[in-house]
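Student: got a sequence here, can you build the structure:
(chains A and B)
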There are 2 protein chains.
Amino acid sequence: MLIVQKYGGTSVANVERIKAVADRVSRTAQQGNRVVVVVSAMSGETDKLIGLAHQVSSTPNEREMDLLLSSGERVTSALTAMAIEEKGHKAMALTGRQMGIITDTVHTKAKIEKITGERAKRALDEGYVLVIAGFQGITEGEDVTTLGRGGSDLSAVAIASALGADLCEIYTDVDGVYTTDPNIVPGARKLQKISFEEMLELASLGAKVLQTRSVEFAMKYGVPIVVRSSFNDNPGTLVTKEDEEMEKVVVSGVAYDKNQAKITVTGVPDKPGIAAKMFKGIADASIIVDMIVQNVSSDGRFADISFTVPRTDSKKALQLTEEIARELGATGVTLRDDIAKISIVGVGMRTHSGVAAQMFETLARHGINIIMISTSEIKVSCIIELKYTELAVRVLHDTFGLAEAE
Amino acid sequence: MLIVQKYGGTSVANVERIKAVADRVSRTAQQGNRVVVVVSAMSGETDKLIGLAHQVSSTPNEREMDLLLSSGERVTSALTAMAIEEKGHKAMALTGRQMGIITDTVHTKAKIEKITGERAKRALDEGYVLVIAGFQGITEGEDVTTLGRGGSDLSAVAIASALGADLCEIYTDVDGVYTTDPNIVPGARKLQKISFEEMLELASLGAKVLQTRSVEFAMKYGVPIVVRSSFNDNPGTLVTKEDEEMEKVVVSGVAYDKNQAKITVTGVPDKPGIAAKMFKGIADASIIVDMIVQNVSSDGRFADISFTVPRTDSKKALQLTEEIARELGATGVTLRDDIAKISIVGVGMRTHSGVAAQMFETLARHGINIIMISTSEIKVSCIIELKYTELAVRVLHDTFGLAEAE
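Tutor: Okay, here's the model as predicted:
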């Protein structure tokens, strides 16, 4: 098999961890596999570099920021290759450029456009274990770019796809994908398998195991991912195409996101194009609007519009909304930031009815008021009061029987 | 003017120093100059990375070592460019590759083969201050290389030559080139001007201001260098082509090197090819032999051969010499490592006679025995007992009137 193994910052945090990575890579190679390793910067390194940049400049140039940040992964790729060689394998470190990862020119959050990978293929044929610096690419104009937070996951999945790897293993400091956060529900169960769609919902709903972009990429190109820990030999969770077995499970996981705030604009004259105008202003400020609810008054002349944004952006969003509300002639704007989003996710919802009702009933039974609701084919999300977050996660996890064996 | 300014590790050691560099660059640009900055890694960074490499591997691969080490200069180039931009200039950081520094494939001590520099020229024309990562280049096969210790000086001189710069300023933590080490002779005087040849001799004789290779390069391509401090605005020392004024000065400086050991092989059968055989074995072990003295016995049948090597290599050299001596049928091998080399340097020696005699007489007068002598057109070196080093430097500095005004 050709296996891509990605190791995150905590997995290469120091010399001992890098040697442990080399051990694992060595074992994988000895089992007859060809191995391509993708590494992040040592944990803390990227933040240290960002800190330095902000000390020398109030608004660091993003081109130079990318050159700066890309150095962290170069260091770990070189050290990891040395450590693997020390185990008796041929190993070669490759930068994003040497791997042929071509991106667009949007510095600090570049998108991968293509991966040429000729040199990597040649080196694999020559028996090398490859160690690729994650998180980075290069523009057609030969400037270094980075792929944004969690970009090394994306590097790994994209490389796996480009090389036609059989598997992409994402090594991190957790054992896999759980039915919910084990810090809240000690009985949370590790999933053996989960579909791309479910993983995507969980990732975008606040589960921090995998980045949304890398799951999207894996789904698009059909790259099976295994999420597992570099600190033990537990099997991890396979993220793959949906199958019949998965459809039998109604709810696969419960996610929560405490970084939520709700803005409500009241008395908006109900004319076409009003919502567009409102949300364009907020999008232009790069604030992500999540749920949107609109109610029109009984006479159809006015509307109340509520929407949620990350709490970290709520002040800026409020200010923008107040400006827009004035222009639109709305009567008022209010902010509520003591809220959280609770979601249940499962591909089984497609074929099982009454799941949403069961969620609402469970929350009501425990005195948890639902402020907003949003549904998709395979998830139901509710905005509730922040203080009920842990309670809601626990009772939903229990109601949908997630602690039991699969 | 087009000015290349090179800043060493202590000059970019932290955020404050990097800001001070940006200040100086800004002032230079405001005076109407175009500026190309070449930076080293923050002081200590390269040693830290080498330490990490040796922790993960007993014999780190040199290709990966270069990838590792090159990251330090990338960090400072990006930070320095940001700091310069903060001062209101357009600034662009360029890696060795982006500068088009093409080297041979001898990793960790690569030689520059050519500098394409198209992108740099274009950016200069567009009004950018350039900040180049020193110490690094790239092979034709696109692998990262480094130029060895002090390689950033070489980068700066080579870039100055490639871009046709008017001046290459080397910023360091000393004010310039002194007549001798001011730690030994407090009255040592900073030279306003020194010839390439003299600088070359001083560098190879133990003065640590500039690396030999960068002086050779500057001499070959006629790039005037100014050595000065980044910690003050003192004018520094101009290293340039020899002129009439310089020739009037008999001795420009006194150098010393305490890293010396002498090996003597006695009773070597005096046959052709003996010396070649002996020194080939030592050269193959990458040990640099400095002075060599050979005496043939009165009957012409045997020779004694003495030579000096760096004390740090003396044990290895002794072992090798003993093996070779056995093969050659020599009667004995002795090592003496309590010695130092004292040298006087000056282009004026070419036209002034009696300089060597004056040196020997001065040493003798102070009871300092001369163990070996070596001369060139513009220098005289003596091996003496280690304990007399400081005394010898002081009395020679005095004898040749170096503390007086030029």
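
Student: and for the closest residue to chain B within the stretch 201-350 of chain A, the neighbour number?
Tutor: Proximity of the stretch 201-350 of chain A to chain B (CB to the nearest CB) peaks at residue A:230, 15.7 Å away. Where you see a C-beta, it was placed from the backbone N, CA and C, and this is true even at glycine. For residue A:230, the count of nearby residues is 21 (other CB atoms under 10 Å in any protein chain shown).

Student: can you pull the contacts of it?
Tutor: Residues near residue A:230 by CB atoms under 8 Å, 6 or more residues apart in numbering or on different chains: A:7, A:8, A:10, A:11, A:17, A:20, A:21, A:24, A:171, A:172, A:173.

Student: ok, it to residue A:35 distance?
Tutor: Separation of residue A:230 from residue A:35 (CB to CB, to the nearest Å): 14 Å.

Student: likewise for residue A:14?
Tutor: Distance of residue A:14 to residue A:35, computed by CB to CB: 22 Å.

Student: what does residue A:216 give?
Tutor: Taking CB to CB as the measure, residue A:216 falls 25 Å from residue A:35.

Student: looking at those two, which is more packed in?
Tutor: The neighbour comparison of residue A:216 against residue A:35 (other CB under 10 Å) goes to residue A:35, with 26 against 17.

Student: make sure that one is indeed in a strand.
Tutor: Yes. Per DSSP: H, G, I helix; E, B strand; the rest coil, residue A:35 lies within a strand segment.

Student: could you pull up the residues touching it?
Tutor: Residues in contact with residue A:35 (CB under 8 Å, 6+ apart) are A:2, A:3, A:4, A:5, A:25, A:28, A:29, A:129, A:130.

Student: run the last query once more with 10 Å
Tutor: Residue A:35 is in contact with A:1-5, A:24-29, A:84, A:89, A:91, A:124, A:128-131, A:165, A:169, counting by CB atoms under 10 Å, 6 or more residues apart in numbering or on different chains.

Student: which strand or helix spans residue A:216?
Tutor: Assigned by DSSP states H and E, residue A:216 belongs to helix A:212-221.

Student: just give the strands next to whichever helix or strand comes after that helix in its sheet, each with its orientation.
Tutor: Where DSSP H and E defines the elements, the next helix or strand beyond helix A:212-221 is strand A:225-229. Counting by DSSP bridges, the strands paired with strand A:225-229 are strand A:167-172 (parallel), strand A:237-240 (antiparallel).

Student: please enumerate the helices of chain A.
Tutor: Here chain A has its helices, by DSSP state H, at A:15-30, A:45-56, A:62-86, A:96-99, A:118-125, A:151-163, A:196-204, A:212-221, A:244-247, A:274-284, A:314-328, A:355-365, A:389-399.

Student: buried ones in the fifth one?
Tutor: The reference is to helix A:118-125. Using 16 or more other CB atoms under 10 Å in any protein chain shown as the test for burial, helix A:118-125 gives A:119, A:120, A:123, A:124.

Student: hang on, the last one packs against residue A:99?
Tutor: No. At 11.7 Å, residue A:124 and residue A:99 do not qualify as touching, with contact defined as CB atoms under 10 Å.

Student: give me the common contacts of these two.
Tutor: By CB under 10 Å, 6+ apart, the residues touching both residue A:124 and residue A:99 are A:36, A:117, A:130, A:163.

Student: could you dump those to a markdown table with distance to residue B:332, pLDDT and neighbour count?
Tutor: Converted to a markdown table, these look like this (distance: CB to CB, whole Å; pLDDT from 0 to 100; neighbours: other CB atoms under 10 Å in any protein chain shown):
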| residue | distance to residue B:332 | pLDDT | neighbour count |
| --- | --- | --- | --- |
| A:36 | 59 | 98 | 28 |
| A:117 | 62 | 94 | 23 |
| A:130 | 55 | 98 | 28 |
| A:163 | 63 | 97 | 20 |
